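1. predicted model follows, preceded by the sequence.
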Amino acid sequence: MILSIIVAMGNNRQIGKDNKLLWHISDDLKNFKKLTLGHHILMGRKTYESIGRPLPGRTTIIMSRNPEYSARGCKVVSSFEEAATIAEAAGDNELFICGGEKIYKNLLAQTDRFYLSYVDYDGQADAFFPQFSIKDLKLIEEVRHEKTDKAPKWVYKVLER
Ligand SMILES: NC(=O)c1ccc[n+]([C@@H]2O[C@H](COP(=O)([O-])OP(=O)(O)OC[C@H]3O[C@@H](n4cnc5c(N)ncnc54)[C@H](OP(=O)(O)O)[C@@H]3O)[C@@H](O)[C@H]2O)c1
């Protein structure tokens with residue numbers, strides 16, 4: 001099974017503030033949906049609470065250390081191995097790691113594929129994508145998006161280990 005990270009980050013690797021996203025880029029959200037539909041998506045408890053509902057057409061797996069935690073329509077796990085077992089048992093061929101900071105940090109080293117949206121954003125944040133080098137990764141796809149009146153400039157890259 002392929003383990004994939006999907007993230008949108010600013011110029012200083014910013015990903016969120018006050019448990020919210022930092023921008024609204026409709027085409028990036030559409031791409032997120034297209035890529036993840038039909039798959040298992042793994043996220044930290046805080047990211048789940050920021051979204052507030054399971055995303056339709058996908059199996060949401062929430063990571064929490066709280067054994068009492070539950071969310072309607074979602075699976076809750078206390079380890080990555082448990083999440084991978086659930087996805088594999090369901091016959092999924094790609095598990096998407098959807099953040100936030102803690103989850104990305106924990107799973108970065110094991111990730112096979114990266115769907116990265118680099119957003120031209122210089123503002124404040126309290127959650128960041130970990131520092132990492134892409135020099136040993138192979139570039140599979142790159143699409144540049146110019147600034148519009150609705151969205152900042154952003155570059156979408158797919159990389160593989
Ligand atoms: N830009 C993007 O692409 C993107 C994507 C996702 C999220 N975000 C942003 O990221 C921010 C949230 O990130 P965050 O780091 O604060 O929170 P998070 O990673 O979403 O969730 C943290 C929680 O996950 C659980 N957890 C973490 N490590 C674990 C482990 N090893 N085992 C079991 N459970 C574990 C814990 O839950 P318990 O406390 O319940 O034990 C922990 O409090 C928000 O601002 C969100 O909007 C941005």
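-> Arrived safely, thanks for sending.
2. state the distance from the nearest residue to residue 78 once chain neighbours are set aside to residue 44.
-> In space, and not counting its chain neighbours, residue 78 is closest to residue 65: 6.0 Å by Cβ to Cβ, 6 or more residues apart in numbering. For the C-beta atoms, the positions are set from N, CA and C on the backbone; glycine is no exception. Distance from residue 65 to residue 44, counting by Cβ to Cβ, to the nearest Å: 10 Å.
3. also residue 112?
-> 20 Å.
4. looking at the two, which is more packed in?
-> residue 44 (21 against 15; other Cβ atoms under 10 Å).
5. and the pLDDT at that one?
-> At residue 44, the pLDDT value in this model is 98.
6. return the set of residues that bridge with it.
-> residue 63 (DSSP bridges).
7. okay but it is in contact with residue 100, surely?
-> Yes. Counting by Cβ atoms under 8 Å, residue 100 is a contact partner of residue 44 at 5.1 Å.
8. and the residue nearest to the spatial centre of the chain, what does it touch?
-> Nearest to the mean C-alpha position of the chain, by Cα atoms, centre = their mean, lies residue 98 at 2.3 Å. By Cβ atoms under 8 Å, 6 or more residues apart in numbering, the contact list for residue 98 reads 6, 7, 36, 41, 42, 43, 47.
9. the residues you listed in helices, which ones?
-> 36, 47 (DSSP state H).
10. which of the contacts of residue 98 sits closest to the ligand?
-> Taking Cβ to the nearest ligand atom as the measure, the ligand lies nearest residue 47 of the contacts of residue 98, at 3.3 Å.
11. what is the neighbour count of the residue found closest to the closest one once you drop the neighbours it is linked to in the chain?
-> Nearest non-adjacent residue to residue 47, counting by Cβ to Cβ, 6+ apart: residue 100, 4.4 Å away. Around residue 100 there are 21 other residues, counting by other Cβ under 10 Å.
12. distance of residue 100 relative to the ligand?
-> 2 Å (Cβ to the nearest ligand atom, to the nearest Å).
13. thought that residue was touching residue 16?
-> Yes. Contact status for residue 100 versus residue 16: in contact at 6.1 Å, counting by Cβ under 8 Å.
14. filter the contacts of residue 98 down to the buried ones.
-> Among the contacts of residue 98, those scoring as buried are 6, 7, 36, 41, 42, 43, 47 (criterion: 16 or more other Cβ atoms under 10 Å).
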